[in-house]
Structures are given as structure tokens and as C-alpha cells.
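K.L.:
Predicted model and sequence below, questions to follow.
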There are 2 protein chains.
Amino acid sequence: MESLMIYLPIALALLGLIYMFIKKAWVMKQDAGDGKMKEISDHIYEGALAFLNAEYRLLAIFVVIVSILLFAVSLLVDTTHWLIVIAFICGAIFSAFAGNMGMKIATKTNVRTTQAARTSLPNALKVSFGGGTVMGLGVAGLAVLGLTGFFIFFYQYFMGGAEGVFSVEKMTIVLETLAGFSLGAESIALFARVGGGIYTKAADVGADLVGKVEAGIPEDDPRNPATIADNVGDNVGDVAGMGADLFGSYVATVLAAMVLGNYVIKDMGGSIDDAFGGIGPILLPMSIAGVGIIISLIGTMLVKIKSNDAKESQVMSALNVGNWVSIGLVAISCFGLVTWMLPETMQMNFFGEGLQEISSMRVFYATLVGLVVGAGISSVTEYYTGLGKSPILKIVQQSSTGAGTNIIAGLATGMISTFPSVLLFAGAIWSSYALAGFYGVALAASAMMATTAMQLAIDAFGPIADNAGGIAEMSEQEPIVRERTDILDAVGNTTAATGKGFAIASAALTSLALFAAYVTFTGIDGINIFKAPVLAMLFVGGMVPVVFSALAMNAVGKAAMEMVEEVRRQFREIPGIMEGTGKPEYDKCVAISTKASLKEMMLPGLLTIGFPLVIAFVPMLFGMDNLAIAEMLGGYMAGVTVSGVLWAIFQNNAGGAWDNAKKSFEAGVEINGEMTYKGSEAHKAAVTGDTVGDPFKDTSGPSMNILIKLTCLIGLVIAPILGGHADETVLTNTVNTEEIIKTETVEINEDGTVGKAMATLTKVSTKNNITTTEEKTLEGTLEEVHAKVKALNNNQSVDDVKIKKTITEEVE
Amino acid sequence: MESLMIYLPIALALLGLIYMFIKKAWVMKQDAGDGKMKEISDHIYEGALAFLNAEYRLLAIFVVIVSILLFAVSLLVDTTHWLIVIAFICGAIFSAFAGNMGMKIATKTNVRTTQAARTSLPNALKVSFGGGTVMGLGVAGLAVLGLTGFFIFFYQYFMGGAEGVFSVEKMTIVLETLAGFSLGAESIALFARVGGGIYTKAADVGADLVGKVEAGIPEDDPRNPATIADNVGDNVGDVAGMGADLFGSYVATVLAAMVLGNYVIKDMGGSIDDAFGGIGPILLPMSIAGVGIIISLIGTMLVKIKSNDAKESQVMSALNVGNWVSIGLVAISCFGLVTWMLPETMQMNFFGEGLQEISSMRVFYATLVGLVVGAGISSVTEYYTGLGKSPILKIVQQSSTGAGTNIIAGLATGMISTFPSVLLFAGAIWSSYALAGFYGVALAASAMMATTAMQLAIDAFGPIADNAGGIAEMSEQEPIVRERTDILDAVGNTTAATGKGFAIASAALTSLALFAAYVTFTGIDGINIFKAPVLAMLFVGGMVPVVFSALAMNAVGKAAMEMVEEVRRQFREIPGIMEGTGKPEYDKCVAISTKASLKEMMLPGLLTIGFPLVIAFVPMLFGMDNLAIAEMLGGYMAGVTVSGVLWAIFQNNAGGAWDNAKKSFEAGVEINGEMTYKGSEAHKAAVTGDTVGDPFKDTSGPSMNILIKLTCLIGLVIAPILGGHADETVLTNTVNTEEIIKTETVEINEDGTVGKAMATLTKVSTKNNITTTEEKTLEGTLEEVHAKVKALNNNQSVDDVKIKKTITEEVE
């Protein structure tokens, strides 16, 4: 039965997808409400489709160009197979499909949620969370299906599957080719996240500036040509962007863990004998991902409330029940899977410390580290951005003295929040590595990501509820409907912030695992920042996330201005538009916003993809040593990761804090003993803060995840070119080594004369996993020592020789 | 004559100080104006003294505590001598004295500048720049005097001076003890910069909020008890803070270059034979610093204008003439000193690449790299923060749509400015290292810092002119007086921004040199971020500058609130204060501001000093290997440096850009075709941006320099404890080594069977600087290869053996 384990993840993914289709059918069967509601919802759906069409046209060009480049590389480099091109294209298509599917279901669920809210709050939650569940299971299911499917195919193609002879080197080719799938997924995620982020904020600002300020019509008025773009933007940014992002993370995490699993086998002598065709450590991350889908499915079933009078806290605890039960189940199943699938003890090579025996229990503890840190980061995020928490109250207080102090307080909050977050990361890196090496780091990330489907369901239900509220307002429903959707929306704001914490935590650990895989792929012995070129690249890498963020922020401003001009043109040229008789050209606004956002994201995209390529290939033209280049690129990757994580936390949390500081005024806040509400000067200051926070938390901040993952993935794909040693290692195995080191030292006396001398002869030999170290020390004057060494070399006996011998046997 | 070279820097420093006293006497002889002007000036002077008294009381406690700790360390660790305590205390006193002196001359020069401006603009420039010159020469002179004096003392004490026997190990002790001087200087700089930064902004905000807003009295009104604190703050922050900062940089740069010079001697076999007692590479940085003082002195003499109708550009070009001539003279003198003092060719150990021959010309090119990068960074800073330049114009445009867009534009400008700056740094690190190793990096920094006196004169004249303008306003002079000081003030704003660029550039290179010295002191082989604990510390280090900045920003807010309450109390309790009959208690405000700022800077200070200590000593308690700890601490230092440089550039340039965007409205700006002035909505938005920028550019941004330098210095002082190998290396010298490495590899066929085998025997022996490498390669089946190896070992002849032999002789 165990030999069929390779098909388990794919089966579980299919199971998840089947449940998703059932759930989707259920959602679609729900009442979509009256004519007006339907009309608005259809406009949003059409706009979303318009965006998708424009986006896919552009992305197709990108995919074709990169495919040609990859194909050229596969022709030039022996160790890169052309199948990587197919994997890349499919990764891109899967990722686009996942985002597309999520956006479609979200735009269909919003109006049904409004309708459900007319009956009761529990029903509204059921429908909106149902939509989120469809998206979550869809994204996770597609990720596992695609990755596992390609793995099985490449495993058969390159190695003849379980029947073939396992070799670490061939498995490396399998996984390198599989990296193409991840690269494709992450590239599309970059476009979806950054483009979507620019889109949503540009449409938002554009619609407000012309509609509300210039034309004097209310927000979300159907006469405003940009209003649909605005609502589409919410789905594009928060739903599709997040979906593509987590799709990419999921795939990259599992891939990195598989690569490191392969190296565990290498460290154990190149092959292991287990019930899983000798690839247990490689199958384990896929199995965790597969089981995670089913666990998430169970978790989503637990999310329900009974009372129609429930408040935010009860909705929140309903979500928490589902979330915590999933996390608990993942912990239990990790225990089962790890102890079942891994050898009881393994050898792992710890950099600079040699081989160590690691029990499978320690790998299990590493997965627990991942779960604890994921939960920890979410809690930290909730503290720094949560309504009613001390940081938010301080920002509210500082709003009373104007926008300047509000901004300073918000910036400071985002900056301070890096303290506990980074300490958590550092602790996670350290402890999971100490427990089970980089394989432990990768499995910590895998365990954290196992509940992706659940996380995504929780994340996606927020924007659905938000849209539902908008539709309720536009179609003039009873106030109770809006009140109910508002409760869901408020909970959604909190989950959106913690979701971002989860996304950056998983991205950081994934990047580290990819980084470790990169070092091993290239065959360099570590990344030494005491080498000046490596240090220089650490600086350059640190700079990239900062410049990337600035470009994204500027892009929002530019795209918004283009939108403003288009809306002004329509108001001027379309007859009867203000009277409601002329139909606004929604799709033109959507096209403008799409075009502008995709155009504006080119430069940050170029920066992300171009820098690693320049660092890798320009020094090559100057004849620099490949391994030196590989180390420089490693320094660059480390710089991007460290700086990217810091700027992600800073921007996400500052943005979230400003948003909730502004929201605090809706219920009223006490400033210097006085209750202060919306419309006050302090509230205006808080609105300014929120304007600054918008691109922080919705455009540049969340893009950091993808920037760091994509950078590390590009490094991984370039790795075989830089390594250049794969050719030899594919065919050779070092069996015996012997090293004899002879050192003679003399003491220099205070007066500069030569004093006592000492010679050390060290012999280190390794044969069949047994290492013998023999150290002989001789003392005397320099001449005496010379004579003694000579005698020893001639196998004569020597007085006063100190001999220290150690034998280490590595047991399999 | 050459053996007296050791006294040259001290002689040049004394020459500089003598000229400073002459210049000071000249400034003090200038007319200090009428009674009212004098009264205001005296208030500022008294306030400054009050601050100094309070500050020194607090710092004395700090110095005592650290001295006790250092003394305890010197008792416990063999390689740390108790004289480090004396060096530390003197470094602290010198630094405090330098800041004190600068602040005193600035507060005396301001009123004399006002008086001079009543006669003509050339006179006003002459007086204000004269004050700046006194400060510049004083700081640089004290730095060289102190450092060189202690070096000569320790050189005599530990090694018997030029008559004694030189050994690299003893010189290491000399330089480690000397590091105490630098540590003392940098610690005081931390307090002066951060405390001063908090002070100046707290007093500014406090005075404005109560005086202007609540009491309705004009800015700088003598009835406002906080107005003196406000004016004192300018001197405390911009003059004393900058002085202590550059004093620390100057000392640290020269020290780091000396340490690396010592390692050049080590790489050359442990001793060289030159005309400078065998310590030419160590004396060179001190000599460059000494000559730099005289060059700066010449440069300051060239700064003059003739026309009374001169505009900003003419004043700017007068400063530029002085600056460029100094830089040119430094380049010429570097050529002379380098070729004179260094051996024509040297051996330097390049990490991972072994010994290389480096000509002294390459060291000279490295100094040119330093000069070019210093100028480059200043130009970049000027571009991003200069009036009338495109980034500022964009921020002005964005102000028209409100404070939110102004803030976004300012943040983005600061972030984008890291792009060219970091590329310049990375280029400087790479090229100066490629030219002459880390000694080249350190000498690049030394050359850049050689004109410190000139830079400081240019920097300090700005706040003097600013204060002079304030005195002119308060004492109701003719408008022409204010116009003249305004011209000087405007130029001062530009030089302040470029001065910050210069400060961060020099700090970054200095930190790298200290970092290199640290690695060599501890004896670790590089800092490998592929080790998880090192990577974790890279993350933690990256976080510290972010949290430090946030704490500094929050501190400004808190200290300002305390000031507000004190001013309110005085208005309430002192009879006749508003009528001008009751004298406000200026010193109480100053005390409040001082106490609050020094209290608030404790936490950032603790963070800076505490983190490296925790990283070094906590793992030690758990029995972790010292070298592993040293590598972790190195990762931390790298993280602080990379992140600190980024955040310094970001914050300084964003702050400078906001400031000048606001200033642009004074002369009027064109927004969407309309001229817009002070008082417009756009101007109000720009004022909000400036409020955010104030703590950025005057508190947290400039503190980054000291944070990174102090972190690296603490590492350097801890280094001997962690290294722990100094004991052995002090007395032994490796003379002969021989290494024989035998490797056997076998090919694995596609079907898993064993194929062809190969054995390599490599023998590397070094004897009297001649390295012989002999490589023998044998091929065949595994059995054949075994037999051949055995035969070779028994000195029998073997067929088909490929032999490759290389002999390298290192010529001294």
C-alpha cells in the first residue's frame, strides 16, 4: 500500500476539488436577489472579466518571452531539460486559473450574500464563507494537483518511477525541472499582486476624486464610470491577488521541502530503503499538503453561528474555532505522517558541523515550530493593527494634533512591529534548523502552509462581505441588511491583516528553504559576506525591496491620474450620463485601469527579474568564476529576503493600523476626555493617514512576499548554470579520502629570537563511512622537531610523541 | 627624518588647533552688536550651557558604569589591557569637549554674524564661516591629537616604540587598546546625536504648540519660556550632534585603517623593513588625517565672496571652490603619502583567494574611489533634496491634492533615493576591495574623511546663519540684514543635506572597515550566512535600525508633550510673564527638555549597546562555541550596517525633500499652471509633510550613522574575548606546512553499477615562502587505482600517472 503513497496527495487534492465543485454549485443555487442587485453584481462581474481578458493578453506575451529564454537556456546548459518550459507554462496557467476562479466565485457570491443578509446573519455568514471556501479549496487543490501531477510525470520520465534506480542526481534534475512550475506560478503572482494592488487603489482614488469631489455624486453611484472599476478592484486586489500569492507560496514551499528532502537522502549515503520507493523524505511535504486540504475542508465546516443577534466577537470566534481546529489537526497529522514516512533516524549534514543523527521526532518538532510561529505572527499582527488595542489607541490620540502626528505615530507603529515579528522569525529559523537542519526549516514552512485553504477561505470572505455591503447600499436595502454585512466586514478587516502576517511569515520561511536549496544546487560552500563582492550584493539586495515599494507607490499615483482623465472625458462626451439615460462605458474605465496598472507594474517587475539576471550574467561576460558569482547572487538573495521581510511587516502593519485608527472614529473615540466622531478634525487627520496607508497595505506591502519568493526562485532556476558541476556529480561518487596535514610552528621570544618549536601531523581518512583522525604532536627545538618528523615518516619510533586518535563511524 | 613621521600627524593637529585659536580670537573680537541682540544671544548661550551641564552629569554616570565593566573585562580576559579604560574615558571626554567647544563658538558667532550682516554680505559670510571653521578645525584637530597621542603612548608602552621589536601580535594589543578611545568617542556621539535630535525637535514643537497656538505670541518671542530651548536645540542638534558624530567617525575610520594596516604587515610575513620603523601601513592613515587638517585649513581660506549683491549661487560656489580645492589637494597628497610611506609592492591576503601582490599605486586608486564616492553621494543627496530639482517639484505637485499625497510622494522620494546611493556604495566596496583588499576600503574611507574639518565648517555655518537670522528678527533689524542672513541660511540648508550624505557615506565605509577588522581580530574564517544562527542574527540586526528609528520618533512626541506642560505651568504661575515684567525660567525648560530627551534616548541607547552584548554573552552561558558566537555577532553587525545605511538614506532624504518642498512655496510655485504661495491649501499639506520629515531628518535619520559605527565598535572591543586565540598567536609563527590530500572517486553508470575510478593525490607544501603543489592523477577500475596508489606510496614507478607541478615563490 505504501508504494501508492505517491498518488495520495493527488487523490486528496481531487477530493478537495470535488468538494469545491459541490460547494460552488450550492453557492450558485442561492438566490441572487432582485433586478437592481443583480444588475450591479453583473456590472462587477463583467468588469472583472474585462480585467481578466486584458491581463491574460499581456501575460501571454510575457510567458512566451520567458519560455523562449528558458528554452534557449535548456539548449545551452546540459543539466537543464527543456521540459522546464512546459512546467513553467503550466505553472503560469494554473496560477492564472486559480486567481480567475476565485475572482469569479467572489463576484457571484457577493450579491447572494446581500440577499442572504435579508433573511439572517447566520445565513449571510454561511453564503459569504461558502464563497471563501470555494476559493480556498480551489487554490490549494489546484496547487497540489499541479505540483504532484508534474512530479509524478517527471519522476517517471527521468527515473522510471518507483521501479527505476533512485539516484540523488537524477532526482535533482526532476526537482529542477519542477522548479519551472513554481517559477511560472510565482511570475503570474507578481503580476496579479502588484498589478491588482495598483489597479484597486488607482480605481479607488480616481472614482473618488472625480465622482465625489468634482461631480458631487455619492460613492458607488452607478452613474460614475469608475465605480465598477472600483468594485472590480477590490476583487482584483484582495481576492485574485491574494489567491495567486498563496498559490505561489504553497507550490514554492512544498517544492523547497522536496529539494531539501532529496539532500537528506544524499546525506544518508545516496539512497534509503523505505516503504515509499526510497523517497519518503521527498514525498512527505506533498503528503502534508494533501492532508492539509482535507483538514481545511473539515475546518471550514465548523465555521457557523446560530444566533441572528451575534456580534463581531461571536463571528470571530466561529472563524477561530475552524482555524484552531485545523491547526490542531495539522499538528496531529504531522506527527503521524512524519513518524510513518521518515526513517526513525536520519543523517543530516549541518554546515560546518558535519553529519549529525536526527530522529524523525525532531522533524516533527520542527513542524510544530512552524505552526507556533504562524500563529505567533498572526497574533502580533492582530495586536498592532487591531481595533481597541493600545497601538491603535495611541494613533487615535495623536490624530488630535493633526495629520503630521498621526502619520508619525502610524509609521512608528509599523516600524516597532518589526521587533516581535523579526524575533519570532529569528527564533523559528534558529530552532527549526537546530532541530532538523534546513529540511526542518522547510517542513516548518510546509506545516504552516498546510492550512492554506482554510486561511484563504477566511481571507476571501472579507472582501465578499465588503462587496455585499456595497450592493446593499446601492440597491437601497433595509438598514438591517447593511448592519449584518457590516458585522461580517469588520471581522473581515481583522482577518485581512492577520492573513497578511501569515503570508509574509510563510514567504519568509519559504525563501529561506529556497535559499538553502540554492546553496546546495550550486555546490558553493556557503555565502560568506566577508567577501567584498558578496557584501556589496547584500547591500544591493537590501535596496531592491525599498525601491520596489517606492515604484509601486508612485505607480498608484500615476494610474489614478489617468483614471481621473478618462472619467472626466466620459462625463463630458456621453450624453445623458448624469441623468441616468446614457450608459457609462464601464469597460473603458476598466481597460484604462488595467492598462495603466499593468504598464506601471512593468518597472518593478523588471527590477525583480532583471537584477538577479544582471548579477548572474554580467560578471560571467567578464570571465568571473561561476562559484564566485553564485555566492554573490546568494548575497543578493539574502539582502532581498531580510530587507523584504522588514519592509513587508512595516508597510502592512502601518497601513493596517492607520486604517483601523480611522475606523475607530466611526463608533466614536475618547480623546483627552472628549468623545470624538466622524467629521471631526481628528478624524480628517486619520483619513489622511489612511490615504498614506492604502498603497502601503494593499500595493507595496503585500508585493514584498512575491518579490522575495520570486527572487529566490529565479536564483534556483539559474543555479544549475552557475553550479556547472552537476555534470561531474551526476556520474561520480567520492568513496575514499585521505588527508595528511603537517604543520610546524615556532615560538618567537620577547627579544625576537626563535624559541621552542612544535610539529603536528594530522591524518584524516574516510573509508566506508568510517572517519579516522590521528593527530601526532612533537615538541623540541626546530632541529629536533625536524629530525623527529623525518624519523616518523621513515616509520622509525620516536620518543615523546603525543598521539590522539578518534574513530567515528556513521551508522545508517 | 622618516622615523620622526610618527610625530607628524600630532604636529599637524597642533598646527590646526593653533590656527583655530587664532581664528577663534578673531571671531570673538568681532562686534557683538547692541544690547538687545546681546541679551538674546546670551540667553541662548546660557541655555546651551545649562544643557551641557545636565548632559555631562548624566554621561558621567554612563562613563563610570562602562569603565567598571571594561575594567572587569580587562581583569578576566588576558588579551584586554586595563589601559583600555583610560582610553575609553579620554575618548568620551575629548568627544564631549569637541561638541561643547563647537556649541560655544556657534552661540557666540551667531550674534556677531547678525552684526556683520548690518555692514555687508561678504562680512556676514566671513564671520559665520569663521565660526564654522573654528568648529571644524577644533573637532578634527582634537580627533587627530587624541588618537595619535594615545597611539604613540601605547606604542611606547607595549612595544618600546620604534626601538622595540615589531610584532603584529603586540601591535594588535596596541590597536585593541586604542579601540577604547574610539568606543568612548562614539558612545558620547550616540548621546549627543540622539539626545540632541530629540531635544531640538521636542523644544521646537513644544514652543510652537503653546506659544504660537495657545498664547498667540509670535515665534521666537522672548516671553515664551521654551523659545530659548528651541534656539538652543538648533545648536545642540545641528552643531554639537554633528560635531560629536564626525569626531567619532574620524577616529573610527583612522583606527580601522590602522588595524587593517597591521594585517597588511602580517600578510607580508609579520614584519617589513621601511623607513618608518616598519609600521608605514599603520602610520599612513594617521598621516592622511593630519595632512587633511592643513588642507582643510587652506580650503577654508578660499571661501570668500566680494560682491555685496551676491546671490545664493555665488555663495554656494564660494563654498564649492573651497571644498573642491580641498578634495583635489587630498588626492594629490594621498598620491605623495601612499607612494612615500608604503612599500612599492605588498602582499595582501584576499579572502578565499590567497595572497596577492598589490602595488602601492593600487592603494592610491582606492583612496581616489573614496573621494569620488564621497562626492557622488553628496551629489545624489543634492539631487533628491535640492530646491528646483525634479523630485522636489513632484512633491510640490502632489501637495495640491492634500497631505496624504504629499506624504506618499515624500516617502517614495526617500525610498527611491536609496537606488543610486546603494549602487554607489556597492561599487565603492567592490572596487576599493578589488584594488587593495579591506585595507583599500579603509583607506577609501580615510581619504573621504580627510576633509572632515572643511565639511564641518560648511555644515556648521548653516545653523549659525539660521540663528543670526532669528536674532535679527527678534532684535528688529533693518530688513536688509535678514535678507542677507537668509541667503546664507538657504545655502546652509543645501549644505546640511549634503553633509548628511557625507556622514552616512563615511559611516558606511568605516563600518565595513571595522567589520573587516572584527573578522580578523576574532580569527573566524568569514561570516557565512548559510549557517542558520548567523542568518537569524542578520535578520535581527536588520530589524534594529528600524526599531531604533521608531523609538526616536516616538521619543520626540513624548518629550514635546512634557515641554508643553512646563510652558503652560510657567504661563500660569509666573506673575507678569506675559507683560514682560516677570522673567521666564528658561533654564527650567532647558532642564525639562534635556531631562526628557536624555531619558527618552535611554531605550534606543540600550537597544544599541544591549543587543550585541546579549548576542555575545547569552549563548556563552549556554556553552556555545566562541567562534560560532563570533560569526553570529558578525551577522548581526552586517544586518545593522545594511539596514542602517538604507534607513539613513531613506529618512534623511525624505526629510530633506519634504523640508524643501515646503520652502518652495515661499518663493511661489506653479501647480497646474497657477502660481501658489504660502498659506494655500497645498502649502498646508507641505507643512504636514515637513512635520513628518523633521524627526526623520533631524532625529532618527542622522542617528543611524552612530548606530552602525557603535555596533561595529562594540563588536571590535568584544572581539578578543570571542577570539580567545590571541594567546597562542602572540607567540607562535607557522614556518612550514605540508598537506597531502588523497581522493578516490568512482563513476556510477546509468544502471547503477560501478564504472571507471579515479584517484588524485595532491601535495601542497610551503617552506620559506615557496609553495609547491604537486598533483598526481590515476585512472582505471577501482582495484587498479587502489594498486597504483599503493605502489606510489611505496615509491614504486607507476604507468599512466599524470603529474602536474606548480611552484610559487613569494618575493618580499
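P.N.:
Arrived safely.
K.L.:
going forward, measure contacts between C-alpha atoms and count neighbours the same way
P.N.:
Noted.
K.L.:
Please work out how many residues are found near the residue in the stretch 151-300 of chain A that chain B sits nearest to.
P.N.:
Residue of the stretch 151-300 of chain A nearest chain B, by C-alpha to the nearest C-alpha: A:Val165 (6.8 Å). A:Val165 has 15 neighbours, counted by other C-alpha atoms under 10 Å in any protein chain shown.
K.L.:
what's the answer for A:Val127, then?
P.N.:
29.
K.L.:
quick one: which helix or strand includes it?
P.N.:
A:Val127 belongs to helix A:121-159 when assigned by DSSP states H and E.
K.L.:
Give me the local confidence score for the residue of the stretch 151-300 of chain A closest to chain B.
P.N.:
With respect to pLDDT, A:Val165 has a value of 79.
K.L.:
And chain A, what are its domain boundaries?
P.N.:
As assigned by automatic domain parsing, chain A contains the domains A:2-731, A:736-809.
K.L.:
ok, the residue nearest the centre of chain A to A:Leu514 distance?
P.N.:
When C-alpha atoms, centre = their mean is applied to chain A, the residue found nearest the centroid is A:Ala507 (3.0 Å). Here A:Ala507 is placed at a distance of 10 Å from A:Leu514 (C-alpha to C-alpha, to the nearest Å).
K.L.:
thinking again about what came up before, which of the three states applies to the residue of the stretch 151-300 of chain A closest to chain B?
P.N.:
Three-state call for A:Val165 (DSSP: H, G, I helix; E, B strand; the rest coil): coil.
K.L.:
A:Gly623 too?
P.N.:
What three-state DSSP gives for A:Gly623 is coil.
K.L.:
Lowest mean pLDDT among the helices and strands of chain A, which one is it?
P.N.:
Confidence across the helices and strands of chain A bottoms out at helix A:726-731, with a mean of 38, counting by mean pLDDT, DSSP states H and E.
K.L.:
Which parts of chain A are strands?
P.N.:
A:345-350, A:354-359, A:669-671, A:674-676, A:732-748, A:754-767, A:770-780, A:802-809 (DSSP state E).
K.L.:
Which pLDDT value does the model give A:Gln455?
P.N.:
At A:Gln455, pLDDT is 90.
K.L.:
Isn't it up against A:Leu137?
P.N.:
No - here A:Gln455 does not reach A:Leu137: they are 10.0 Å apart, not a contact under C-alpha atoms under 8 Å.
K.L.:
Looking at the two, which has the bigger crowd around it?
P.N.:
Between A:Gln455 and A:Leu137, counted using other C-alpha under 10 Å, A:Leu137 has the larger neighbour count: 31 against 27.
K.L.:
so who does the closest residue in space to the more buried one that isn't next to it in sequence touch?
P.N.:
Leaving aside its sequence neighbours, A:Leu137 sits nearest to A:Ala453 (C-alpha to C-alpha, 6 or more residues apart in numbering or on different chains; 5.1 Å). Residues counted as contacts of A:Ala453 (C-alpha atoms under 8 Å, 6 or more residues apart in numbering or on different chains) are A:Thr133, A:Met135, A:Gly136, A:Leu137, A:Gly138, A:Val139, A:Ala140, A:Gly292, A:Ile293, A:Ser296, A:Leu297.
K.L.:
Could you rerun that using 7 Å?
P.N.:
A:Gly136, A:Leu137, A:Ala140, A:Ile293, A:Ser296 (C-alpha atoms under 7 Å, 6 or more residues apart in numbering or on different chains).
K.L.:
So which residues on the stretch 501-650 of chain A come close to chain B?
P.N.:
Within the stretch 501-650 of chain A, the positions adjacent to chain B are A:526-533, A:536-537, A:539-540, A:542-543, A:546-547, A:550, A:553-554, A:642, A:646 by C-alpha under 7 Å from any C-alpha of the partner chain.
K.L.:
Let's see the ChimeraX selection covering just the buried ones among those residues.
P.N.:
With 16 or more other C-alpha atoms under 10 Å in any protein chain shown as the criterion, this ChimeraX line picks the buried residues out of those:
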select /A:526,527,528,529,530,531,532,533,536,537,539,540,542,543,546,547,550,553,554,642,646
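K.L.:
how near is A:Phe45 to A:Ala472?
P.N.:
No, residue A:45 isn't Phe; it's Tyr. For A:Tyr45, the distance to A:Ala472 equals 16 Å [C-alpha to C-alpha].
K.L.:
more neighbours, those two?
P.N.:
A:Ala472 (26 against 22).
K.L.:
is it true that the more buried one touches A:Thr113?
P.N.:
No - using C-alpha atoms under 7 Å, A:Ala472 is not in contact with A:Thr113; the gap is 9.5 Å.
K.L.:
who touches the residue nearest to A:Gly723 when sequence neighbours are not counted in this structure?
P.N.:
Closest residue in space to A:Gly723, ignoring its immediate chain neighbours: A:Thr522 at 3.9 Å, by C-alpha to C-alpha, 6+ apart. Neighbouring residues of A:Thr522 by C-alpha under 7 Å, 6+ apart: A:Ala630, A:Ala719, A:Pro720, A:Leu722, A:Gly723.
K.L.:
swap the cut-off to 10 Å and go again
P.N.:
Taking C-alpha atoms under 10 Å, 6 or more residues apart in numbering or on different chains, we find A:Thr522 in contact with A:626-627, A:630-631, A:634, A:715-716, A:718-726.
K.L.:
closest to chain B among those residues?
P.N.:
For the contacts of A:Thr522, the nearest to chain B is A:Gly634 (9.2 Å; C-alpha to the nearest C-alpha).
K.L.:
show me what contacts that closest one?
P.N.:
For A:Gly634, the contact set (C-alpha under 10 Å, 6+ apart) comprises A:515-516, A:518-519, A:522, A:524, A:526-529, A:534, A:537-538, A:541, A:612, A:628, A:640, A:712, A:715, A:719, B:529-530.
K.L.:
what do you get for A:Leu613?
P.N.:
Applying C-alpha under 10 Å, 6+ apart, one finds that A:Leu613 lies in contact with A:Leu607, A:Leu633, A:Thr711, A:Ile714, A:Gly715, A:Ile718.
K.L.:
what's the most distant pair in those?
P.N.:
Farthest-apart pair in these is A:Leu607 and A:Ile718; separation 16.7 Å (C-alpha to C-alpha).
K.L.:
For A:Trp663, the count of nearby residues, please.
P.N.:
Residue A:663: Lys, not Trp. The local packing of A:Lys663 (other C-alpha under 10 Å) involves 20 other residues.
K.L.:
Might one say that it is in contact with A:Leu387?
P.N.:
Yes - with contacts defined as C-alpha atoms under 10 Å, A:Lys663 counts as touching A:Leu387 at a distance of 8.1 Å.
K.L.:
Touching both of these two, which residues are there?
P.N.:
Taking C-alpha under 10 Å, 6+ apart as the contact rule, A:Lys663 and A:Leu387 both touch A:Ala490, A:Ala657.
K.L.:
Can you list the low-confidence ranges for the stretch 251-400 of chain A?
P.N.:
For the stretch 251-400 of chain A, the stretches with pLDDT under 70 are A:352.
K.L.:
if we can go back for a sec, out of the strands of chain A, which comes closest to A:Val210?
P.N.:
strand A:674-676 (29.0 Å).
K.L.:
residue contacts, A:Asn672?
P.N.:
So A:Asn672 contacts A:Gln397, A:Ser400 (C-alpha under 10 Å, 6+ apart).
K.L.:
My error: substitute A:Ile480 in the last question.
P.N.:
A:Ile480 is in contact with A:Ala117, A:Arg118, A:Thr119, A:Ser120, A:Leu121, A:Ala472, A:Asp486, counting by C-alpha under 10 Å, 6+ apart.
K.L.:
Nearest to chain B, out of those residues: which one, please.
P.N.:
Of all those, chain B sits closest to A:Asp486, with 26.3 Å by C-alpha to the nearest C-alpha.
K.L.:
Look up how far A:Ala116 lies from the nearest residue to the closest one once chain neighbours are set aside.
P.N.:
Residue nearest to A:Asp486 in three dimensions, not counting chain neighbours: A:Gly469, with 6.6 Å by C-alpha to C-alpha, 6+ apart. For A:Gly469, the distance to A:Ala116 (C-alpha to C-alpha) stands at 12 Å.
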